[in-house]
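**Student:** predicted structure and sequence below. I'll ask about it afterward.
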Amino acid sequence: MGEEKLSSLRLLLVVQLSQNFRSGVISPILSLFIRRQGLTITQIGLLGTAGMLGWLFFEPLSGVVADRVRKKYMIVFAIISSTIVYAAYPFAGGIWQFALLAFSMSSVLSAFAISVKAMTAELLPVKERGKTYGRYLSVISMGGMIAPFLGGFLAATVGYTIPFCVSVGIGIVGLTAVLMMKHDPRPVVEEPKVEDTSGTNRLMTGPFIGILAVRMLFMFNLLFHEHFLPIYLNESPNFRASEADIGAYMDVARITSALSQAFLGSLIDRVGSRRVVASSVGLIGFSYLGMAYLGGMPFVYALGAFQGVFQEAADMGMMMHLMGIMPEGRTGMVMGIYFESENIGGMAASPLLGIVYDGFGPVSSVLSVAAILVFNAALSVFLVKERRSSKIG
C-alpha cells in the first residue's frame, strides 16, 4: 500500500471514530428523550420511518455522486450538516419537529456513509482484507466504547441537552481529520464501454441480489435495537433499567464487538462470509428469546456481551462479502444500492415493530424480531454465495 493511501486510511479511521463516538453518546438517550416529550411508541416508530425516508431518497443519489465527485467534499458536507442537526434536537418538542430532524439527519448522513464506505473499500489492501478490515473496525469501536455510558450518565445527572452538545463538539475533530486527507483523486471521465461478455463488471448478479435480501431483513434487528430496546428495558417490570443502565448495556456490547473484530476478520478470510453470516444472525435471534422471558440487569449485561460479538460478525460478514463481489470502479453505486436495501427493510421494520409493540405488547415485539432473525439465518445459507467468474481455457 502506498504511503498516501496508508496515511489517508489512518485519517479516515479518525473520521469514523469521531462519528462513531458522537452517535454513541446519543444512542442510549435519543428515544427516551423523545418519549419524554409525550410521544407514543407508535409515533416513535413513525419517526423511524421518517429517518429511513432520508436514507431511501438520498443514498442511491449519493452512490451515483460518489463515483463522479470527490468523496472528501461529501464527507465535509455531511459532518457540518449533521452537527447542525445535533444542535437542533434539544429545541424540538413535537412529532413533526422530530420527524424533520430525523429525515434531515439521515439525508446528510447518507452522503457520509456512502463516501466513507466507498473510500474504505478503495483504500483497503486486497491481500488479507478481512484481517486488515477487522483491525480497522476494532480501533474505531474501541474509541467509541465509553460513548453510550457517557451519554446515559450525562442524561441522568445533568440533563438531556449536554449529550447533544458533546456530539456537536466531537464533530469538529472529524472535520479536521477529513480536511487533512490527501487520497481523493478526481473522478476519471469514463471512456466508451466495450461490452463485457464475461459478466465480471455486471452489477445485478445473483450474489449481489442475495446479500441485499439478507441485509434488508437484518434491519428488523438494527431498528429494534436502536428505537425500541431502550424503551423496553426502561419500562419492562423485569428490568426497569435507568438511562445509565442502558448506556452500560450498550457499552458492554461495544466492548465485546471491538475485542472480537480482529479475530472475526481473520475468521472470515478462512471460512468465508456465508457461515459467519448465517450462524451469527441465527444466534442473535435466539438471544432475544432470553430477553423476552428472563429479567435482571446482570442478564442484560451478559446478553449485551453476547450480542456485541455476533452483531459485529453479521455486519462484517455481509460487508466483506459485498467487497468481494463488487465490480471495480463502481464502489459508490454498489454501496448506494446496498444501503438502499437497508432503507427498504427499515421502512418496513420501524412502523411494524411499533404497531406490534403497542398493539400486542412489548414481549410480542421481541419475539417478532427473534423469529425474523432465525428465518433470515436460514435464508442466508442459500442466498449468500460467492460471485462466479467466467474463465476460458
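**Tutor:** Received, thanks. What you see is a predicted model, and the numbers here were worked out from it, not measured in a lab.

**Student:** now whatever helix or strand residue 23 lives in: buried residues?
**Tutor:** Residue 23 belongs to helix 3-26 when elements are defined using DSSP states H and E. Across helix 3-26, burial judged by 16 or more other C-beta atoms under 10 Å covers 7-9, 11-26. (C-beta placed from N, C-alpha, C; glycine too.)

**Student:** now do the helices in the stretch 151-300 of the chain.
**Tutor:** 161-179, 206-223, 229-235, 243-271, 273-293, 297-325 (DSSP state H, counting those that start in this stretch).

**Student:** closest one to residue 135 among these?
**Tutor:** Of all the helices of the stretch 151-300 of the chain, it is helix 243-271 that lies closest to residue 135, at 4.8 Å by C-beta to C-beta.

**Student:** next one: that closest one to chain centre, how far?
**Tutor:** In terms of C-alpha atoms, centre = their mean, to the nearest Å, the centre of helix 243-271 is found 13 Å from the chain centre.

**Student:** what angle sits between that helix and helix 3-26?
**Tutor:** Counting by axes from the mean of the first three to the mean of the last three C-alpha atoms, to 10 degrees, helix 243-271 lies at 150 degrees to helix 3-26.

**Student:** residues touching the nearest residue to residue 66 once chain neighbours are set aside, list them.
**Tutor:** Computed as C-beta to C-beta, 6 or more residues apart in numbering, the closest residue to residue 66 that is not its neighbour in sequence is residue 332, at 3.1 Å. Residues near residue 332 by C-beta atoms under 8 Å, 6 or more residues apart in numbering: 62-68, 71, 114-115, 118.

**Student:** residue 350 now?
**Tutor:** Contacts of residue 350 by C-beta under 8 Å, 6+ apart are 45-46, 48-49, 51-52, 223, 227.

**Student:** for residue 148, give me phi and psi.
**Tutor:** Main-chain torsions, residue 148, degrees, to the nearest 10: phi -60, psi -40.

**Student:** roughly how far does the closest residue to it other than its chain neighbours sit from residue 157?
**Tutor:** Spatial nearest neighbour of residue 148, chain neighbours left out: residue 250 (3.6 Å); criterion: C-beta to C-beta, 6+ apart. Using C-beta to C-beta, to the nearest Å, residue 250 is found at 17 Å from residue 157.

**Student:** which one of those two has more residues nearby?
**Tutor:** Counted by other C-beta atoms under 10 Å, residue 250 and residue 157 do not tie: residue 250 has more neighbours, with 24 against 10.

**Student:** low-confidence ranges in the stretch 1-150 of the chain?
**Tutor:** 1-2, 126-129, 139, 141-145 (pLDDT under 70).

**Student:** could you do the stretch 201-350 of the chain as well?
**Tutor:** The stretch 201-350 of the chain contains residues with pLDDT under 70 at 201-203, 327-330.

**Student:** just to revisit the earlier point, could you tell me which of the contacts of residue 350 belong to helices?
**Tutor:** 45-46, 48-49, 51-52, 223 (DSSP state H).

**Student:** dump these into a markdown table; add distance to residue 289 as well.
**Tutor:** Shown next, in a markdown table, are these (distance: C-beta to C-beta, whole Å):
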| residue | distance to residue 289 |
| --- | --- |
| 45 | 22 |
| 46 | 28 |
| 48 | 23 |
| 49 | 27 |
| 51 | 28 |
| 52 | 27 |
| 223 | 19 |
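
**Student:** give the ChimeraX command for selecting the buried subset of those residues.
**Tutor:** Buried members of the ones in helices among the contacts of residue 350, defined by 16+ other C-beta under 10 Å, are picked up in ChimeraX with:
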select :45,46,48,49,51,52,223
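
**Student:** tell me the one among the ones in helices among the contacts of residue 350 nearest to residue 316.
**Tutor:** Minimum distance to residue 316 across the ones in helices among the contacts of residue 350 is 19.4 Å, recorded for residue 223 (C-beta to C-beta).

**Student:** what is the neighbour count of the closest residue in space to that closest one that isn't next to it in sequence?
**Tutor:** In this structure, residue 223 finds its nearest non-sequential neighbour in residue 349, 4.3 Å apart by C-beta to C-beta, 6+ apart. Residue 349: 29 surrounding residues under other C-beta under 10 Å.

**Student:** so which of the contacts of residue 332 is the most crowded?
**Tutor:** With neighbours defined as other C-beta under 10 Å, the most crowded of the contacts of residue 332 is residue 114; it has 32 neighbours.

**Student:** and that residue, what does it touch?
**Tutor:** Residue 114 makes contact with 59, 62-63, 66, 74, 332, 335-336, 339 under the criterion C-beta under 8 Å, 6+ apart.

**Student:** which SS state does it fall under?
**Tutor:** helix (DSSP: H, G, I helix; E, B strand; the rest coil).

**Student:** distance of it from residue 107?
**Tutor:** According to C-beta to C-beta, residue 114 stands 12 Å off from residue 107.

**Student:** then residue 318?
**Tutor:** 24 Å.

**Student:** repeat that for residue 40.
**Tutor:** Look at residue 40 and residue 107: by C-beta to C-beta, they are 25 Å apart.

**Student:** more crowded one of those two?
**Tutor:** The residue with more neighbours, out of residue 40 and residue 107, is residue 107; 23 against 13, by other C-beta under 10 Å.
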